[in-house]
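Visitor: Build me a model:
(chains A and B)
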Amino acid sequence: MSAPLLEARGIVKSYGHVEALRGADFALLPGEVVALIGDNGAGKSTLVNILSGAERPDAGEIVVDGEPVEFGSVEEARDTGIETVYQDLALCADLSPAANFFLGRELLHKGLRGRLGLLDNAAMRARTREACETLGVRLKSQSAPVSTLSGGQRQGVAVARAVTWARRVVFMDEPTAALGVVQTQQVLELIRRVRDSGVAVVLVSHNMQDVKAVSDRVEVLRLGRRVARFETARVSMEDLVGAMTGAIEQATEEAVSGQGAEQASGQAIEQAEGQAAEQATGQPEIPR
Amino acid sequence: MSVIETPPETSAPEKTRLRDRQVVWIAAVLAALLAVFSILRPTSFATSFNLLNLVSDAAILLLLATGMTYVIITAGIDLSVGGVLVFSAVAATKLMDATGSLLLGAATAVLTGLAWGLLNGFLIAKGRIPALIVTLGTLGMSLGGALLLTGGVDLRAPGDLNLGLGLARWLGVPVIAWICAAITAVLGVTLARTRFGRHTYAIGSNAKAARRGGVAVNRHLIKVYGLAGLLAGLAGYLSLAKYGITGVSAHSTDNLQAIAAVVIGGTSLFGGVGTVVGTVIGVFIPVVLQNGFQILGVRPFWQQVVVGAVLVAAVYVDQWQRGRRDQ
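Guide: Residues are numbered from 1 along each chain as shown, chains lettered A, B, ... in the order given. Predicted coordinates:
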């Protein structure tokens, strides 16, 4: 087992009285697709925001390739090769796909025109078309604003943009939530292609079919902590749902046995801590 | 990763966009107005003298409206332009009276305008105060400041300026109009073709997305309001040259005129959409109406009524289009 590409240890984040994360851990190995799942309010979005630099944790540590890092901004996370596809896509609806693709990284003409700040729109359009075709996002026009695109096409533009710029990790927050069957398959196929090219993917999803179809591992958040990790190939849908809702308490040990005894016992401890936290806060353990 | 490594291709022109068609529509309206007035009064409206009058009247407003175009595309507003114009003109006059240098006067006007604009931008971007309130406040401050400096009595511009730049012509067209046209052209290209322009659109379209994309949103907003202020300062100097007085009470509706021109020109008050070309047309429509009404003998007050109605209609169309788009 190689060293983690990206690791979070004991991340704590509160908003006022609400504790979104209470010492959450997370690990991502090079070249894998990890699904980050959990019920509503489990802290998935907060964790993604922190790992992509959009928010700063109150406590805890982020490690990239063995080096502790602190992301003060999204740009700093990006400089280390981490890109995010936000659930709201972060597209400018009035701009063309190419303008969105290169937002904040515009290509300028060479020479004098470039020094005057003139944009090389033809080059940006060409590279955007290229990237979109790789993903299978078909756009009728490269200059029509994003507002004229369908939901699936918008998603495609946002995903292709992140994938194009990412060197290490792409976070995808519910990338298939608004998509039809065919486009969902295309996005899942893209996720595999991204992984095969050496960029790791963190998939935040509610859709267990997607998770089963595309991920190598699953990490489960519950009430602001990681409560279980599975290898996707060895876990059943029932186990995943059970771990998310808290209905299944001891499923992990068996599931991760292939990863070594040390880790498995570590997770058992984590689980026990998770339960302690639940009992402390008096949360009901009713499967939803 | 190397998804995209192909050399850039030169792509064919794409289909005309909806918004481009809108500019074409407004241009058609302007052309129709010109045609109607020309047919009704061929001997007085369509003369080169009268058309030069039109251009001359529009030139200074064009500077304000161009700055306003940038501001409104960021989904902002600048109500202070008239006050900044007057304050800059007063400051320039004071300095020219003291030093006798017209050039220093021009520099003073431009820098004073820039300073007001930067103040607007800073309060809006860093202070998170709505643009409407900030610029309403600086409108009051700059107009009041101008009255304090002058004691409420208009100052006269130096004769050299009024009789020099104010009357100078090149190829038969006032130099002031050339200056305004050149600046507008440069800013039109800047908005449409440069990174600065692209960021302006991006902020108005989705400021959060622009910030996530790495655009320095606050810095950019300060620059945009600074630009609008700078143009208002320059407009103050040019109107000093043209009219010979500071006009402390003549510019209280400049902001409305500029906003009307911008909105009639197809720029969306919700941000993200607009062109300088549209604004140029939007400046000329009210000017042509006023001039045409005068020549036809219609009471010129109708111009205000018509422009007001057109403004409301333009915003309604914009809102309707957005509603359809967002469904």
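Visitor: For the rest of this, base every contact and every neighbour count on C-alpha atoms.
Guide: Will do.
Visitor: how close does the residue of chain A most remote from its centre sit to chain B?
Guide: Here chain A reaches farthest from its C-alpha mean at A:L112, the gap being 40.3 Å by C-alpha atoms, centre = their mean. Applying C-alpha to the nearest C-alpha, to the nearest Å, the value for A:L112 to chain B is 13 Å.
Visitor: And what about the residue sitting nearest the centre point of chain A, helix, strand or coil?
Guide: In chain A, the centroid-proximal residue (C-alpha atoms, centre = their mean) is A:F171; its distance is 2.5 Å. Following DSSP: H, G, I helix; E, B strand; the rest coil, we place A:F171 in the strand state.
Visitor: Tell me the confidence at it?
Guide: Among the per-residue scores, A:F171 holds a pLDDT of 92.
Visitor: how about the helices of the stretch 201-327 of chain B, start to end?
Guide: Secondary structure of the stretch 201-327 of chain B, counting by DSSP state H, counting those that start in this stretch: helices at B:207-212, B:217-243, B:254-264, B:276-296, B:301-326.
Visitor: what residues are up against residue 69?
Guide: No chain specified, so I'll use chain A. A:61-63 (C-alpha atoms under 8 Å, 6 or more residues apart in numbering or on different chains).
Visitor: that answer is for a different chain, and I need it for chain B
Guide: Applying C-alpha under 8 Å, 6+ apart, the residues near B:T69 are B:262, B:267, B:274-276, B:279.
Visitor: ditto for B:A157
Guide: Contacts for B:A157 (C-alpha under 8 Å, 6+ apart) come out as B:93, B:240-241, B:244-246.
Visitor: Check A:A54 too.
Guide: A:73-74.
Visitor: where does the chain dip in pLDDT?
Guide: Since you didn't name a chain, this refers to chain A. A:1, A:135, A:249-288 (pLDDT under 70).
Visitor: Hmm, no, I was thinking of chain B.
Guide: B:1-21, B:325-327.
Visitor: can you tell me which residue is nearest the centre of it?
Guide: B:A65 (1.1 Å).
Visitor: wait, is that residue part of a strand?
Guide: No. According to three-state DSSP, B:A65 belongs to no strand; its state is helix.
Visitor: ok, so what distance separates it from A:E61?
Guide: To A:E61, B:A65 is 51 Å away according to C-alpha to C-alpha, to the nearest Å.
Visitor: before we move on, what about A:R154?
Guide: 34 Å.
Visitor: quick one, which of these two is more surrounded?
Guide: Neighbours were counted for A:R154 and for A:E61 using other C-alpha atoms under 10 Å in any protein chain shown; A:R154 has more, 23 against 17.
Visitor: just checking, the more buried one touches A:V146?
Guide: Yes. Here A:R154 reaches A:V146: they are 6.7 Å apart, a contact under C-alpha atoms under 8 Å.
Visitor: Find the residues that touch each one of these two.
Guide: With C-alpha under 8 Å, 6+ apart as the test, A:R154 and A:V146 both reach A:L91.
Visitor: Near A:V18, how many other residues are there?
Guide: Using other C-alpha under 10 Å, A:V18 has 8 other residues around it.
Visitor: Let me fix that, I meant to ask about B:A181.
Guide: Neighbours of B:A181 (other C-alpha under 10 Å): 18.
Visitor: residues in contact with the residue lying closest to it once chain neighbours are set aside?
Guide: Of all residues not flanking B:A181 in the chain, B:A59 sits nearest, at 7.2 Å (C-alpha to C-alpha, 6 or more residues apart in numbering or on different chains). By C-alpha under 8 Å, 6+ apart, the contact set of B:A59 is B:176-177, B:180-181.
Visitor: now swap in A:A8 and tell me
Guide: A:24-27, A:51, A:60-63.
Visitor: Listing partners with orientation, what would you give for the strand or helix carrying it?
Guide: Using DSSP states H and E, A:A8 sits in strand A:6-15. Strand A:6-15 pairs in its sheet with strand A:18-28 (antiparallel), strand A:59-64 (antiparallel), by DSSP bridges.
Visitor: which one of those lies closest to B:A207?
Guide: strand A:18-28 (26.0 Å; C-alpha to C-alpha).
Visitor: Please point out which parts of the helix or strand just after that closest one sit buried.
Guide: Moving toward the C-terminus from strand A:18-28, the next helix or strand (DSSP H and E) is strand A:33-38. Neighbour counts over strand A:33-38 (16 or more other C-alpha atoms under 10 Å in any protein chain shown) mark A:33-38 as buried.
Visitor: Hmm, A:V201 and the residue nearest to the centre of chain A touching each other?
Guide: Yes. The pair A:F171 / A:V201 is scored as a contact, 6.0 Å apart, by C-alpha under 8 Å.
Visitor: ok, now how distant is B:I281 from B:I26?
Guide: In terms of C-alpha to C-alpha, B:I281 sits 7 Å off from B:I26.
Visitor: can you list residues touching both of these two?
Guide: B:G265.
Visitor: Looking at the two, which has the bigger crowd around it?
Guide: Legend: neighbour count by other C-alpha under 10 Å for B:I281 and B:I26, higher for B:I281 (24 against 19).
Visitor: Please tell me how far that one sits from chain A.
Guide: Distance, B:I281 to chain A, using C-alpha to the nearest C-alpha: 22 Å.
Visitor: how about that residue, what does it touch?
Guide: B:26-27, B:30, B:261, B:265.
Visitor: now do B:T190
Guide: Counting by C-alpha under 8 Å, 6+ apart, B:T190 has contacts A:118, B:196-197.
Visitor: A:R115 too?
Guide: With contact set as C-alpha under 8 Å, 6+ apart, A:R115 has no partners.
Visitor: Okay, A:V220 and A:M244: tell me how far apart.
Guide: Computed as C-alpha to C-alpha, the A:V220 to A:M244 distance reads 6 Å.
Visitor: Strands of the chain, residue ranges please.
Guide: The chain I'm using is chain A. A:6-15, A:18-28, A:33-38, A:59-64, A:67-69, A:82-85, A:169-173, A:200-204, A:217-222, A:225-231 (DSSP state E).
Visitor: Chain B, not that one
Guide: Ranges of strands in chain B, per DSSP E, are B:169-170, B:173-174.
Visitor: Go through the ones you listed and name the closest to A:R225.
Guide: strand B:173-174 (72.6 Å).
Visitor: The closest one: how far from the chain's middle?
Guide: 20 Å (C-alpha atoms, centre = their mean, to the nearest Å).
Visitor: now stretch A:39-46
Guide: The answer for stretch A:39-46 is 12 Å, by C-alpha atoms, centre = their mean.
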